[in-house]
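In: fold the following and give me the result.
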Amino acid sequence: MEGGATRLDAPALTVAPHGAVAEAGPRWYVVQTKARAEQKAVEFLSRKAVVTFLPRLLVRHRHASRRWYALEPLFPGYLFAHVVPAAPALSRVRWTPGVRRLLGDDEAPIPVPDDIVLYLRERQGNAGFIAPGQPLQPGMAVRFREGPFALLEGIIERPTSRADRVRVLLTLVNFPVAVEADVEDLEQV
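Out: Okay, the predicted model is just below:
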């Protein structure tokens, strides 16, 4: 090419709603599902050969003395579908059992940037779910969220036990005091 310009091979472009230019090919869209029907929608969409992504979060539950972990949707009531922005493909998604609608405006569904889905997939990693923030480690500064020591700050002395309890050193009346605390009652400072 003349003038030192270089030619880059670019994918075919199409004009999307609102006059924006979009790449031809599949795009990610947000699918709103019916209440607690995310997994059902994923199964039915996969039967229609639609690629989906349902990011999940590992959530800790507690009821009285029982504690357990469960996988829950990161965005309850929503999932991502990777489809070509053409009427037949979008209709195939819209009319799937468990699907309420594709998010968008009055004209058409609005695609989600690929970077967002890529970021969520990276956060999920090989585990298949997103784990909540980093665990409390010895030496970390923490604050009590509730209970008799609410709003007091201390330092983690001992790591988390199997019962999800830690030992926190509080300085009360200029003297360090070790206190056993539930991990859920603490936040990192």
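
In: okay, CA-based contacts and neighbour counts for the rest of this
Out: OK.

In: could you tell me the end-to-end distance of stretch 182-189?
Out: Criterion Cα to Cα, to the nearest Å; first-to-last residue distance in stretch 182-189 is 16 Å.

In: swap in stretch 171-185?
Out: 18 Å.

In: any idea of the mean pLDDT in that stretch?
Out: Mean per-residue pLDDT for stretch 171-185: 85.

In: list the buried ones in stretch 150-158?
Out: Going by neighbour count (16 or more other Cα atoms under 10 Å), the buried part of stretch 150-158 is 153, 154, 155, 156, 157, 158.

In: relative to residue 138, how far out is the most centrally placed residue in the chain?
Out: With distances taken as Cα atoms, centre = their mean, the residue of the chain nearest its centroid is residue 74 (4.2 Å). Using Cα to Cα, residue 74 is found at 29 Å from residue 138.

In: packing partners for the helix or strand hosting residue 123?
Out: Using DSSP states H and E, residue 123 falls within helix 114-124. Helix 114-124 sits against strand 27-33, with contacts defined as 3 or more Cα pairs under 8 Å, 6 or more residues apart in numbering; DSSP states H and E.

In: run the angle between the strand it packs on and helix 114-124 for me.
Out: In terms of direction (axes from the mean of the first three to the mean of the last three Cα atoms, to 10 degrees), strand 27-33 departs from helix 114-124 by 70 degrees.

In: so how far is strand 27-33 off the chain centroid?
Out: Relative to the chain's own centre, strand 27-33 is displaced by 14 Å; criterion: Cα atoms, centre = their mean, to the nearest Å.

In: again, but for stretch 118-127
Out: 9 Å.

In: now stretch 71-89
Out: 13 Å.

In: what does that stretch rub up against?
Out: 24-38, 50-59, 90, 129 (Cα atoms under 8 Å, 6 or more residues apart in numbering).

In: my guess is residue 176 contacts residue 168. True?
Out: No: using Cα atoms under 8 Å, residue 176 is not in contact with residue 168, being 9.6 Å away.

In: among the contacts of stretch 71-89, name the buried ones.
Out: Buried subset of the contacts of stretch 71-89 (neighbour count, 16+ other Cα under 10 Å): 27-34, 37-38, 50, 52-59, 90, 129.

In: how's this structure carved up into domains?
Out: If you go by automatic domain parsing, the domain ranges for the chain are 26-127, 141-188.

In: now tell me which of the ones you listed the model trusts least on average.
Out: The stretch with the lowest average pLDDT out of the domains of the chain is domain 141-188, scoring a mean of 85.

In: for it, the distance to its chain's centre please.
Out: Centroid displacement of domain 141-188 relative to its chain, using Cα atoms, centre = their mean, is 28 Å.
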